[in-house]
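S.K.: please find the sequence and the predicted model below.
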Amino acid sequence: MLPLHTSMRGLRCFCVAAECLSFKETAQKLYLTPSAVSHQIKQLEETLNQTLFIRQTRSIALTEVGARFYQAIEPIMQQLVNTVSEFNQSDRMLEVSISMPEFFASELFMPKLIGWSSSYPNINLKLETIKSRSDVIKHTDVSIMLSGKQQASDDVYDLFPITYIPACNPQLHSELSSQGFKALTKVPLILHKARPYAWHQWAENIGYDQFKPKQIIQLDSMFSVARAAEQGLGVALIPLPISQAWFDNHTLISLFPQPLYSHDRYYLVRHTNEQHRPEVQLLIDWILKSFHDESQ
């Protein structure tokens, strides 16, 4: 071990002074006064009982002993800096960015964020929401996307599939529930414009050949679809399990029990492969664990 009176500041002052050969410049780099630097090095010389610098009027130079001491101590000081930095990672704030559809963010992601914040308080999360498919998607570390095509890649993770259920608000449900499929001719039918034939597919799947809707309204976001149904505009095809809270809160009620099964699935996509950013993998692992129940 170092003698108890050996100053770490003195060692640091010595290494910097040995590199720039100026007490004044050393003081500037370490935010000290030149006299403080001179005092620290003088104490180190007394501890070692060696002269480390040749002091001249306007400059300094290493003695032979000073040069050998620098070659020996500099790698140790650098290793010390690296070790302290490594073990100080827990106090350094990190950041991970993620993008996802607005509806996914509001219905599933945001309610689970308390778990993320408590588990990883030193990792800031930057969330970008996508309101419609026409939105310009900003580059993020990871993203959550809805796709009807199977995604095959080492950087893509399957989250869960989506089914669609006809639903409306309680008031409209009380008016239509006794009318059977004829109810679909009484009010507008609502769907996402990315799936313009979804209602026809639903009717075909359940064998309803007399499907002649009064009106079909296409909206550009799933949040708008759900809100339109909530406001009583008509009957909407609502995605599950992502909208389950609307049914649990009785904001929406299923008008027919038959769902529309689709190829639509939510995927998690990693856009960065930087190995020195373990915080990105931590977010991926947390999402996969958090949404495991949705896939069951």
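M.R.: Received, thanks.

S.K.: pLDDT weak spots in this structure?
M.R.: Scanning the chain for pLDDT under 70 picks out 1-6, 85-92, 132-137, 152, 273-276, 293-296.

S.K.: if we go to 80?
M.R.: For the chain, applying pLDDT under 80 flags the ranges 1-7, 81-82, 84-93, 131-138, 150-154, 272-276, 292-296.

S.K.: each with direction, which strands does the strand ranked longest in the chain pair with?
M.R.: Criterion DSSP state E: the longest strand present in the chain is strand 156-168. Paired neighbours of strand 156-168 in the sheet (DSSP bridges): strand 235-240 (antiparallel), strand 253-254 (antiparallel), strand 260-270 (antiparallel).

S.K.: ranking these by burial, who's on top?
M.R.: Comparing the strands paired with strand 156-168 by mean neighbour count (mean count of other CB atoms under 10 Å), strand 235-240 comes out on top with a mean of 25. Where you see a C-beta, it was placed from the backbone N, CA and C, and this is true even at glycine.

S.K.: gap between that strand and the chain center?
M.R.: Strand 235-240 sits 28 Å away from the centroid of its parent chain (CA atoms, centre = their mean, to the nearest Å).

S.K.: which is the succeeding secondary structure element to that strand?
M.R.: helix 244-248 (DSSP states H and E).

S.K.: tell me what that next one is packed against?
M.R.: Applying 3 or more CB pairs under 8 Å, 6 or more residues apart in numbering; DSSP states H and E, one finds that helix 244-248 contacts no other helix or strand.

S.K.: list the buried residues for that helix?
M.R.: 246, 247 (16 or more other CB atoms under 10 Å).

S.K.: which residues does that helix contact?
M.R.: Residues from elsewhere that reach helix 244-248, judged by CB atoms under 8 Å, 6 or more residues apart in numbering: 107, 111, 167, 226, 230, 238, 240, 252, 253, 254.

S.K.: of those, closest to residue 96?
M.R.: When those are compared for distance to residue 96 (CB to CB), residue 111 wins out at 18.8 Å.

S.K.: tell me how many other residues crowd that closest one.
M.R.: 12 (other CB atoms under 10 Å).
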